[in-house]
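Novice: Predicted structure and sequence below. I'll ask about it afterward.
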Amino acid sequence: MSLNVLRSKQAWMSFVVLLTVMLIVLAMRYRDVANTEVDTLAPEFTGIEHWVNSSPLTMQKLRGKVVMVEFWASTCVNCLHALPHSQQWYDRYKDQGLVVVGVHTPEFDSERSLESVQRAMQQVQINFPVAQDNQRATWNAYHNQYWPTLYLIDRRGHVVMRHVGEGDYADTEQLMRELLSAVPSTLNE
């Protein structure tokens, strides 16, 4: 075997090993980001241009309810796959104290119009409240970075889970049920 062929194979193997390590590191980082439990007070909705399917909501007024905040964008394929699950949860648990709020934060300029948000909502048959966050004020208040990202907030107003991307629907729903069945002794704990 010639020296050039050997060097070429070694370079290829080094590349494959490096790529594999990078993918493992990214997968571990995604897992860490995707399922973060935090116990901080949920930020208020801020800088909202329009509310669809609702009058303006505040986290303060939602105390005593379990709240799911989902950041999404109308051209995000993963968002359009995840939103029907949110709608199902809203339909199933709204009478038990669940409030679902979609926060539409555009990734592209074409997503900024109210009409484009409403079209996307019709496409995936969303009828829960949606806040239009064109200036990313609420997005920034949550320190959000990804579409879709879902936050579960307990009755005291504390963020208890953050999930990035699609999936983990059964685990999310189980936590949602636990939060809905828990009755805090006081909302100011």
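Specialist: Right, received. Where do you want to start? As the structure is a prediction and not an experimental result, all values here were calculated from the model.
Novice: Tell me if I'm right that Asn144 and Ala73 touch.
Specialist: No: between Asn144 and Ala73 there is no contact under Cβ atoms under 8 Å: 11.4 Å. For glycine as for every other residue, the C-beta is placed from the backbone atoms N, C-alpha and C.
Novice: any shared contact partners between the two?
Specialist: By Cβ atoms under 8 Å, 6 or more residues apart in numbering, Asn144 and Ala73 have these common neighbours: Thr105.
Novice: Bridged to the residue nearest the centre of the chain, which residues?
Specialist: Among the residues of the chain, Thr149 comes closest to the average C-alpha position under Cα atoms, centre = their mean, at 1.5 Å. The residues paired with Thr149 through beta bridges, assigned by DSSP bridges, are Phe71, Val164.
Novice: looking at it, it is touching Ala73, isn't it?
Specialist: No: with contact defined as Cβ under 8 Å, Thr149 and Ala73 do not form a contacting pair (10.8 Å).
Novice: count of neighbours near Glu166?
Specialist: A count of nearby residues for Glu166, using other Cβ atoms under 10 Å, gives 15.
Novice: Ok, Lys9 next?
Specialist: The burial metric for Lys9, expressed as a neighbour count using other Cβ under 10 Å, is 11.
Novice: Same check on Ile48?
Specialist: Residues contacting Ile48 under the criterion other Cβ under 10 Å number 19.
Novice: what's near enough to touch Pro56?
Specialist: The contact partners of Pro56, by Cβ under 8 Å, 6+ apart, come to Phe45, Ile48.
Novice: and it, how far is that from Pro148?
Specialist: When distance is defined by Cβ to Cβ, to the nearest Å, Pro56 is 22 Å away from Pro148.
Novice: in this structure, which helix or strand is least confident?
Specialist: Among the helical and strand segments of the chain, the one scoring lowest on mean pLDDT, DSSP states H and E is strand 35-36, with a mean of 40.
Novice: Give the rounded mean pLDDT of the next helix or strand after that one.
Specialist: Remark: after strand 35-36, the chain's next helix or strand is strand 40-41, criterion DSSP states H and E. In this model, strand 40-41 carries a mean pLDDT of 91.
Novice: Likewise for stretch 63-76?
Specialist: Averaged across stretch 63-76, pLDDT comes to 97.
Novice: Stretch 107-122 now?
Specialist: For stretch 107-122, mean pLDDT rounds to 96.
Novice: Show me what counts as buried in it.
Specialist: Under the neighbour-count criterion of 16 or more other Cβ atoms under 10 Å, stretch 107-122 has Glu111, Arg112, Ser116, Val117, Gln118, Ala120, Met121 buried.
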